[in-house]
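**Q** Here is my input; please provide its structure:
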Amino acid sequence: MKKLYSYLSVLTVSVSLIACFPEIDKVPMEKPSETIITAQSSIYNTITFFKIYENITAEVVSHELGTWDMAFQSAMPGDIVLLNYTVSARAIRTGTSDFSAVDKNTVNELFNADGWMFNDPAYSNNGDSTALKDWEDEEVYLVYRGSASLPDEAYYKVQFISKTQEAYTFKYAHVEDTQEYEMTINRTFGLANVYFSFEDHKVVDYEPNINDWEFYFTPYFGWYETLDPGIYSPYNVKGVMINNEGGVMVSQVFDEAIAYEDIDLAMAMELEYTDWKGAIGSTWKNLPPSDGSGGYTMDTKKKYVIKLSDGNIYKLRFLDYYNNEGEKGYTSFEMILLE
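**A** Numbering: from 1, shown residues only. This next block holds a predicted model:
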């Protein structure tokens with residue numbers, strides 16, 4: 001796990017960054033062909049899943065943020081449990097296995113502690129990089145539900161009870177509520193993850209069937225390397241994650257000498273591919289100038305080749321960060337089947 005700066009410092013950095021990038025007017029680009037797709041929902045406040053077909057890439061489903069709290073690994077081998085990375089949820093170990101001992105006083109005691117951890121979805125397939133990586137130790141975790149929750153609904157306590165090959169069992173409660181809940185989450189082998197909501201006390205529909213999507217657009221908490229080599233700090237970012245559980249793989253073509261138009265099937269067959277979930281990530285866009293003289297631009301050096309489980313290979317590039325009304329976050333990209 002990378003070294004984590006204090007969360008309050010992160011908030012300060014995030015606010016500072018936002019202040020540097022004022023809203024700007026932008027003339028929308030012309031969309032030159034039917035191979036170009038413009039997201040119908042903003043990446044700032046939704047997560048959108050996409051499916052790649054031979055002649056079109058289509059949106060499968062979009063969700064508002066904050067509709068789930070924990071996600072349980074389901075279709076693939078493993079027992080990773082995630083927090084809601086789209087709203088910067090985080091968790092901390094309380095140092096006790098006494099569930100009743102964790103209450104609002106615990107929140108006050110640990111509010112500024114250094115042990116708060118979060119999930120970067122780019123590393124969500126690595127159990128050692130998750131906030132709940134030691135969940136089987138019977139310790140009670142304090143969970144902050146993230147920016148989408150109201151202050152009086154923000155903190156819950158969670159303790160994992162058991163795990164089998166078919167299910168996870170845990171108990172949870174609001175830190176100010178004497179009512180405790182026990183829940184068993186059954187694996188659903190058509191889903192990469194099964195999602196659960198504290199507020200709704202149930203499993204919620206979120207991720208499509210593992211065979212029905214290839215990537216999603218999302219806001220998330222990610223890592224960046226600071227000026228101190230090897231020291232990383234989190235920040236709010238908008239990017240793309242691939243369905244590596246469903247067999248999607250990516251090759252990053254970042255060589256400036258290779259034009260997008262020149263990428264063909266013969267070249268694609270010689271590339272090296274990775275199943276890293278963050279292989280596309282957020283690197284395809286450039287931040288606006290700090291003087292406010294422009295908006296986000298696409299990094300034309302970044303091209304991607306996507307290999308699907310059916311053997312089809314596509315090339316991808318990002319073209320715009322604004323829709324036809326000039327609203328940011330409505331990303332346009334081009335996806336072409338290589339034949």
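**Q** And the helices in the stretch 201-339 of the chain, which stretches?
**A** For the stretch 201-339 of the chain, the helices defined by DSSP state H, counting those that start in this stretch cover 265-270.
**Q** in it, what spans have low per-residue confidence?
**A** Within the stretch 201-339 of the chain, the segments meeting pLDDT under 70 span 224-227.
**Q** in the stretch 201-339 of the chain, which spans are strands?
**A** 202-204, 215-225, 232-242, 249-253, 285-286, 297-298, 303-307, 313-322, 328-337 (DSSP state E, counting those that start in this stretch).
**Q** residues contacting the closest residue to Lys315 other than its chain neighbours?
**A** Using C-beta to C-beta, 6 or more residues apart in numbering and skipping the chain neighbours, the partner closest in space to Lys315 is Ile263 (4.8 Å). Placement of C-beta: from N, CA and C, glycine included. Neighbour list for Ile263: Val253, Lys303, Val305, Lys315, Leu338 [criterion: C-beta atoms under 8 Å, 6 or more residues apart in numbering].
**Q** which of those lies closest to Ile242?
**A** Val305 (12.1 Å; C-beta to C-beta).
**Q** what bridges to the closest one?
**A** Listed beta-bridge partners, Val305: Ser251, Lys315 (assigned using DSSP bridges).
**Q** before we move on, back to that, in JSON lines: the contacts of Ile263, plus distance to Thr218 and neighbour count.
**A** Shown next, in JSON lines, are the contacts of Ile263 (distance: C-beta to C-beta, whole Å; neighbours: other C-beta atoms under 10 Å):
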{"residue": "Val253", "distance to Thr218": "23", "neighbour count": "21"}
{"residue": "Lys303", "distance to Thr218": "21", "neighbour count": "22"}
{"residue": "Val305", "distance to Thr218": "22", "neighbour count": "21"}
{"residue": "Lys315", "distance to Thr218": "22", "neighbour count": "23"}
{"residue": "Leu338", "distance to Thr218": "26", "neighbour count": "17"}
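**Q** Go through these and say which is closest to Glu207.
**A** Val305 (24.5 Å).
**Q** Quick check, the closest one in contact with Leu316.
**A** Yes. Counting by C-beta atoms under 8 Å, Val305 touches Leu316, with 7.3 Å between them.
**Q** contacting residues around Glu139?
**A** Residues in contact with Glu139, defined by C-beta under 8 Å, 6+ apart, are Arg93, Thr94, Gly95, Thr96, Ser97, Gln159.
**Q** which residue sits closest to the second one in space, ignoring its chain neighbours?
**A** Taking C-beta to C-beta, 6+ apart, and ignoring the residues beside it in sequence, Thr94 has Val140 as its nearest neighbour in space, at 4.8 Å.
**Q** again with the fifth one
**A** Distance criterion C-beta to C-beta, 6+ apart; nearest residue to Ser97, sequence neighbours excluded, is Glu138 at 4.8 Å.
**Q** from what I can see Ala91 touches Tyr144, true?
**A** Yes. Ala91 is within contact range of Tyr144, at 7.1 Å (criterion: C-beta under 8 Å).
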